[in-house]
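Asker: kindly generate the corresponding structure for this input.
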Amino acid sequence: MLDKKFFSAGPLLDPSHADHPGPPTIKARPKPKRIWSRDKRVSDSPSGYDSIRAVYPNAIEVGTGRAFAKGLGVFGGVLTLCFSLAFIYILYLVVVDLAESVFYDGWLYAMLVMAAIFTVVTLITTIYFFRVDTYAFRDEPVLFNRVTRKLHVFRHRTRFTRPFSVWPLTVDTYDWDCARGEIHGGVILRGGSVPSTQYSLLITIAKSPGSDELVDVFRIGPDSTGLDYLSPLWEHVRRYMEEGGPPLQPDDDLASLRNFSDREILVSSGLRFAKPNLIKAWRASPVHETFWNLIFVLLSPILVPNALFAWVAHVTSRDPWWPDSILAEAGGAPLPEDQVLAKWTTPKTPSEPANDAWVGDDTDPAQQKKDTWKFLFAIIAVALLIIGAKFGQQWWRGY
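Answerer: Just a heads-up that it's a prediction; the model follows:
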């Protein structure tokens, strides 16, 4: 049932199999909101939920939505570095002050020891945060092979206490007959104060078919705000493995996370001014675009660093890969994207673009120039409005 394999994460090394320790220990878990078996349908509308990363002759690769969180590690590293530098500076001022006091000897040595310990801890923490996001992997997908009835879990094992070592990669292989789907989640506090619901689809692996003793748990797909919103994704995977269903549904699309361009990364992270054909999108919906661009201007101190951190994490990360033996079982390399879309999905018509933010170029240069001036005027007007409101507030207060 269980087959764990290990291979090196070195960028210049080919993945090779070796023995790996036994399954992880499953600790106490909250009660799942939903439990879905492999032999019962849970939805009449299966969907890949834009989580199918690749299609192989005998398998599908399902992402975990981990790429949506890219940039958080870089942010954490920068934040930790700033705090550590500030703390070290404060310690320096304290040491200088103690040098002139009667308690010089004892307190000075204590402060130097504290500074050394703190410096080492913050250095390890900063490197860890950066390594989680940069020079890592864009996703940790799961490969479902319906010919062998196996599922393979790609994992990048981080090691906080080994910031300068090569972190290992593991591919954990399980029998599909030991798997079931579960929904976990509930109300969370976003930003520490705003309540919101968030649910995740987890795949649990039993020790044997029908057993209640679990040996592993992992997630697939993105988070969702609805309790049953992820049931189409489980149904899609279930039908693919159990009933010979298609790798993609007619309305599906392959996950674009693997092939994000630099511009798409910036736009998806909130940098709206990087969106292509912004002028035409604004002309098509001036109220909508003006509103959201105004929001971007107001939140730019937060959104711009977030977009840059996500971009850095993207360009320094790599796509996951599978060992040769697993690829051979899957039928070889993944099928070309255009071939997959042409065979299993419904072509998008020009009147129904997949995303109205990515509309085509305007072919009238004069109209493009006119729209550009309109857009610049709107931005200048918004900026003047903000400046006027600030001066008006100061005048009202009398200074």
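
Asker: now do the contacts for the nearest residue to residue 206 once chain neighbours are set aside.
Answerer: Spatial nearest neighbour of residue 206, excluding adjacent residues (Cβ to Cβ, 6 or more residues apart in numbering): residue 178 at 4.7 Å. Every residue, glycine included, has its C-beta placed from N, CA and C. When contacts are counted by Cβ atoms under 8 Å, 6 or more residues apart in numbering, residue 178 touches 1, 205-209, 211.

Asker: swap in residue 147?
Answerer: Residues near residue 147 by Cβ under 8 Å, 6+ apart: 58-59, 329, 331.

Asker: now do the helices in the stretch 151-300 of the chain.
Answerer: 231-242, 262-268, 278-284, 286-316 (DSSP state H, counting those that start in this stretch).

Asker: which of the ones you listed is buried the deepest?
Answerer: Neighbour counts (mean count of other Cβ atoms under 10 Å) averaged over each of the helices of the stretch 151-300 of the chain peak at helix 231-242, with a mean of 22.

Asker: summarise which helices and strands that helix is packed against.
Answerer: Helices and strands touching helix 231-242, by 3 or more Cβ pairs under 8 Å, 6 or more residues apart in numbering; DSSP states H and E, are strand 34-36, strand 59-62, strand 142-145, strand 179-190, strand 214-224.

Asker: can you put the ones you listed in a markdown table and add distance to residue 157 and mean pLDDT?
Answerer: Formatted as a markdown table, these follow (distance: least, Cβ to Cβ, whole Å; pLDDT from 0 to 100):
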| stretch | distance to residue 157 | mean pLDDT |
| --- | --- | --- |
| strand 34-36 | 28 | 93 |
| strand 59-62 | 20 | 96 |
| strand 142-145 | 16 | 97 |
| strand 179-190 | 21 | 81 |
| strand 214-224 | 13 | 90 |
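
Asker: wait, residue 238 sits on residue 38?
Answerer: Yes: between residue 238 and residue 38 a contact is recorded at 5.8 Å, counting by Cβ atoms under 8 Å.

Asker: related to what we said a few turns ago, adding neighbour count and distance to residue 96, write the contacts of residue 178 out as TSV.
Answerer: Shown next, in TSV, are the contacts of residue 178 (neighbours: other Cβ atoms under 10 Å; distance: Cβ to Cβ, whole Å):
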residue	neighbour count	distance to residue 96
1	16	64
205	23	58
206	19	62
207	16	62
208	11	66
209	12	69
211	12	65
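
Asker: between those residues, which sits nearest residue 247?
Answerer: If you rank those by distance to residue 247 using Cβ to Cβ, residue 205 comes first, at 22.3 Å.

Asker: number of nearby residues for the closest residue to the closest one other than its chain neighbours?
Answerer: Once flanking residues are discounted, residue 205 sits nearest to residue 216: 4.3 Å by Cβ to Cβ, 6+ apart. Look at residue 216: counted by other Cβ atoms under 10 Å, it has 19 neighbours.

Asker: okay, residue 201: pLDDT?
Answerer: pLDDT for residue 201: 94.

Asker: likewise for residue 246?
Answerer: So residue 246 comes in at 95 (pLDDT).

Asker: for it, give its distance to residue 52.
Answerer: To residue 52, residue 246 is 10 Å away according to Cβ to Cβ, to the nearest Å.

Asker: who's more crowded, the two?
Answerer: residue 52 (28 against 17).

Asker: redo the contacts of residue 147 as TSV? Include distance to residue 156.
Answerer: Converted to TSV, these look like this (distance: Cβ to Cβ, whole Å):
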residue	distance to residue 156
58	25
59	20
329	22
331	25
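
Asker: of the residues you listed, keep whichever come out buried.
Answerer: 58-59, 329 (16 or more other Cβ atoms under 10 Å).

Asker: and the helices and strands packed on helix 231-242, which is most packed in?
Answerer: strand 59-62 (a mean of 27).

Asker: which other helices and strands contact it?
Answerer: Partner elements for strand 59-62 (3+ Cβ pairs under 8 Å, 6+ apart): strand 52-55, strand 142-145, helix 231-242.

Asker: could I have the CA atoms of that strand written out in PDB?
Answerer: This file holds the C-alpha atoms of strand 59-62, laid out as PDB (Å, rounded to 0.1, in the frame of the first residue of the first chain):
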ATOM      1  CA  ALA A  59      -2.700  10.100 -15.200                       C
ATOM      2  CA  ILE A  60      -3.600  13.700 -14.200                       C
ATOM      3  CA  GLU A  61      -1.600  16.000 -12.100                       C
ATOM      4  CA  VAL A  62      -3.700  18.000  -9.600                       C
END
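
Asker: what bits of the stretch 51-200 of the chain have low per-residue confidence?
Answerer: 65-70, 98-108, 187-196 (pLDDT under 70).

Asker: kindly report the same for the stretch 251-399 of the chain.
Answerer: Using pLDDT under 70, the stretch 251-399 of the chain drops low at 256-278, 347-383, 390, 392-399.

Asker: ok, which of the helices of the stretch 151-300 of the chain comes nearest residue 168?
Answerer: Between residue 168 and the helices of the stretch 151-300 of the chain, the shortest gap by Cβ to Cβ is with helix 286-316, which sits at 19.2 Å.

Asker: which parts of the next helix or strand after that closest one are buried?
Answerer: Per DSSP states H and E, the first helix or strand lying C-terminal to helix 286-316 is helix 324-329. Of the residues in helix 324-329, 326-327, 329 count as buried by neighbour count, 16+ other Cβ under 10 Å.

Asker: thank you kindly, that will do.
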